[in-house]
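**Student:** I need the structure of the sequence given here:
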Amino acid sequence: MKLFGVDILSGLTTDYSGIKLSVNLDESVDIIKNIFNKDCVLHIRRIKLPDGITECAVIYLDGMVNNEILNDSVIRPLLTRHEDIL
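**Tutor:** Residues are numbered from 1 along each chain as shown. This is a model prediction of the structure:
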């Protein structure tokens, strides 16, 4: 897959400065997955918010995040107070 002339699937470059995320969640998640395609510490948690329409993704590296804090401070508030953040 080439993005801005760079084959991001080959892992031959570490210069990702020209890569831009999409406004489409699926495309953005795919771009990030492709950048980290050889790294098993990448975690992506997709979440559908309580409105039943809005989707988001929490993306983090294993070992860099305390899962308990992530759940308590990010995931749970997104799932329970969605109307407060809109």
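**Student:** Tell me the secondary structure at the residue nearest the centre of the chain.
**Tutor:** Nearest residue to the geometric centre of the chain (C-alpha atoms, centre = their mean): Ile59, 3.6 Å. For Ile59, the assignment made with DSSP: H, G, I helix; E, B strand; the rest coil gives strand.
**Student:** hang on, it packs against Ile44?
**Tutor:** Yes: assessed by C-beta atoms under 8 Å, Ile59 is found in contact with Ile44 at 5.2 Å. All C-beta spots, glycine's among them, are computed from the backbone N, C-alpha and C.
**Student:** Could you name every residue contacting both of these two?
**Tutor:** Counting by C-beta atoms under 8 Å, 6 or more residues apart in numbering, the shared contacts of Ile59 and Ile44 are 29, 32.
**Student:** can you tell me which residues contact the nearest residue to Val74 once chain neighbours are set aside?
**Tutor:** Of all residues not flanking Val74 in the chain, Val58 sits nearest, at 6.1 Å (C-beta to C-beta, 6 or more residues apart in numbering). Residues counted as contacts of Val58 (C-beta under 8 Å, 6+ apart) are 44-45, 47, 70, 74-75.
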